[in-house]
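*Asks:* pasting the sequence and the predicted model now:
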Amino acid sequence: MKCWESVQLRRGMRVRGRRTEEQLRDSFDYMLSRILSGAGFLSGSGLDEETMNALDAIVRARPDVTDELVEAARRAFAGQLDGSNAAGWRAERDRVLAEREERSKRSL
C-alpha cells in the first residue's frame, strides 16, 4: 500500500487523482513521523524530489537528527506546496535546453 493510500484509509477517505494540499500535508506528516521513529520511506507519497531528498537527509543522520534537518524538510515541503520547487526545476530544465540548443547551433 502506498503512503498516501494508508493515510487516506486511516481517515476513511479514498480519493483518486491529483492530491489536495490537505492530502499532501497528511502524507508529509506521516512520512516525517515514520522517519523520525526509525521506519523508512513508503512509495507513492506524492512528495516531490526536493522534499524526499530532505527527508532522506534525516534518514541518513539517524540517530543524530537535528532540528535543522527537520526544519529543512519542512522548508522543502513548503516549496512543494507553494510551487517554488517546481519553478526551480523548470528554470533549470529550460537553462539546460537553451544551453544544448546553443551548442547545437554552434556545431552547424
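*Replies:* Arrived safely.

*Asks:* which residues sit against the helix or strand that residue 77 is a member of?
*Replies:* Per DSSP states H and E, residue 77 falls inside helix 67-82. With contact meaning C-beta atoms under 8 Å, 6 or more residues apart in numbering, helix 67-82 is reached by 21, 24-25, 28, 32, 36, 47-48, 50-51, 53-55, 57-58, 61, 85-86, 88. For every residue, glycine as well, the C-beta is placed using N, CA and C.

*Asks:* for the record, mean pLDDT for that helix?
*Replies:* If you average the pLDDT over helix 67-82, you get 98.

*Asks:* now do the helix or strand following it against helix 67-82, angle only.
*Replies:* Per DSSP H and E, the first helix or strand lying C-terminal to helix 67-82 is helix 84-107. Inter-element angle recorded for helix 84-107 and helix 67-82: 70 degrees (by axes from the mean of the first three to the mean of the last three C-alpha atoms, to 10 degrees).

*Asks:* renumber starting at 116 from here on
*Replies:* Renumbered: residue one is now 116, and that last one reads helix 199-222.

*Asks:* ok now helix 199-222, how far from the chain's centre?
*Replies:* 22 Å (C-alpha atoms, centre = their mean, to the nearest Å).
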